[in-house]
Each structure stands twice: as structure tokens, then as C-alpha cells.
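Trainee: got a predicted structure plus its sequence, pasted below:
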Amino acid sequence: MAVKKKVTPKTAGRPRSEDLEPLVLKTTYEMLAKKGYHGFSIDDIVLETGVAKTTIYRRWPNKANLAMSTVTHMISPYLEFPKDVPFKKALLDQMEALSTVFSGKFGRVISTLIGAGQQDLELSESILENYLLPRRKAAKLFFQHAIESKQIQPLSDSEIDVCMDVLYGTLYFRLLLKHEKPQFQDLRTWLERFLKTLEK
């Protein structure tokens, strides 16, 4: 008579270490999209993912850092400037990709975080440190390369800062106030005219 093997039911254990980051970031994004920044806690992430709170805090020092790391991770493919492409085309292509992000589901999460950051110092600092300042540094290097390669006229650091404010301010203004969608095609003609003023 054959002896039946005892089948042990599978139980959900803690996720493997290599799976932790994508799992936590994905879960955080879902909670940001559904509940907003103030609608969830690190404890909610622990409950949903099974990842220990100590493990989360080892990688992300606070909730604000986790939220902004999540957003940066999700939209990073749209933030890079195309390589080996002339300055004007690369900038317009990157801005078009960013406007696509802002017009969709990621845009709603970003605008919610920026709004919440106006009354939350920790979140405001994280937006600057993890999102805005790194993006402005990358954009400034992009402008400086265009100057060195003589694609645009010489500009001081402060003038580059103003150029970035003028260009990207159009997208962020629409993202936050929502009087118009931050759609690139509505802005392209004006942006091209502005970029023409930078040509040598």
C-alpha cells in the first residue's frame, strides 16, 4: 500500500532581500495614488508588504524620503536628456516626456506631494534634496555642455537658472494650478521661440 506524502501548505514569508526595494516602492506608489501623502504610514507599508519596519528605515530614513524616492524611481525613465542629440531637440524631447508624465497618473501624485510639502517641512526638504536639486543639477550640466559645444550663447550660472525656471515653470504652473493640462503641444511653439533667443 502506497504511503501518501504529507503536503505542507505554503505560507507567506518575508520577501527576499533582492525583492524588497521594488516591492516597497510599488506599494508606496499605490498608497500615494489612492490615499495621498497624509493618508498612509510606514506601518501600512509594513502590513501590506511584510517587510520589517527596521529594514524600511535602513533604506529610507523617513516617510518623506520613501515617498520622493518612489516618485523619482517611477518617473526616472522620462527625466533623462537624450544623448548624442542637438541641444534644442534633446531639450524639447525631454520636456515632452516630462509633460506626458505630468498629464497622467504620475502627475497627480507629484502635484499632491508638492502641495503637501507646503505644510510639511520634512517632505519639503525631501522634495528639494531627492527630486528638484538633482534634476536642476543635471539640467545645468546639460546647458553647460551646449555652451561648450557652441550650440547656444554663453550664459552665467544665474542665467541658466532663470532659463530653467522659464522653461520648466510652464509645466509646473499647469501641473499645480490645473487651469490647463501640462500638454507639450500647447507649449511647443512658445518654447521654440524662447530657445531661439539662446542661439549664437
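Mentor: Right, received. Where do you want to start?

Trainee: give me the low-pLDDT residue ranges for the chain?
Mentor: 1-18 (pLDDT under 70).

Trainee: ok, now which ones touch the spatially most central residue of it?
Mentor: Taking CA atoms, centre = their mean, the centroid of the chain lies closest to Thr72, which sits 3.2 Å from it. Thr72 is in contact with 130-131, counting by CB atoms under 8 Å, 6 or more residues apart in numbering. Every residue, glycine included, has its C-beta placed from N, CA and C.

Trainee: so where does it fall, helix or strand?
Mentor: helix 63-75 (DSSP states H and E).

Trainee: and that helix, what's buried?
Mentor: Of the residues in helix 63-75, 63-71, 74-75 count as buried by neighbour count, 16 or more other CB atoms under 10 Å.

Trainee: centre of the chain to it, how far?
Mentor: Relative to the centre of its chain, helix 63-75 is centred 7 Å away, using CA atoms, centre = their mean, to the nearest Å.

Trainee: and the residue nearest to the centre of the chain, how far from Ile114?
Mentor: Distance of Thr72 to Ile114, given as CB to CB, to the nearest Å: 13 Å.

Trainee: so who does the residue nearest to Val46 when sequence neighbours are not counted touch?
Mentor: Distance criterion CB to CB, 6 or more residues apart in numbering; nearest residue to Val46, sequence neighbours excluded, is Lys53 at 5.1 Å. Contact partners of Lys53, counting by CB under 8 Å, 6+ apart, are 42-43, 46.

Trainee: from the residues you listed, pick the one nearest Ile127.
Mentor: Distance to Ile127, by CB to CB, is smallest for Ile42 among the contacts of Lys53, at 18.3 Å.

Trainee: list the buried ones in the one helix or strand Gly169 maps to?
Mentor: Taking DSSP H and E as the criterion, Gly169 maps to helix 157-177. The neighbour-count check on helix 157-177 (16+ other CB under 10 Å) flags 160, 163-164, 167-168, 170-172, 174-175 as buried.

Trainee: on contacts alone, who are the packing partners of the helix or strand following that helix?
Mentor: Next along the chain after helix 157-177, taking DSSP H and E as the criterion, comes helix 184-196. In terms of contacts (3 or more CB pairs under 8 Å, 6 or more residues apart in numbering; DSSP states H and E), helix 184-196 is packed against helix 87-103, helix 157-177.

Trainee: got the CA positions of stretch 123-133 in PDB?
Mentor: What follows is stretch 123-133, C-alpha atoms only, in PDB (Å, rounded to 0.1, in the frame of the first residue of the first chain):
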ATOM      1  CA  LEU A 123       8.600  66.400   2.900                       C
ATOM      2  CA  SER A 124       9.600  69.900   1.600                       C
ATOM      3  CA  GLU A 125      13.200  69.100   2.300                       C
ATOM      4  CA  SER A 126      12.900  65.700   0.700                       C
ATOM      5  CA  ILE A 127      11.400  67.200  -2.500                       C
ATOM      6  CA  LEU A 128      14.400  69.600  -2.800                       C
ATOM      7  CA  GLU A 129      17.100  67.000  -1.900                       C
ATOM      8  CA  ASN A 130      15.800  64.000  -3.700                       C
ATOM      9  CA  TYR A 131      13.900  65.500  -6.700                       C
ATOM     10  CA  LEU A 132      14.400  69.100  -7.500                       C
ATOM     11  CA  LEU A 133      18.100  69.800  -6.800                       C
END
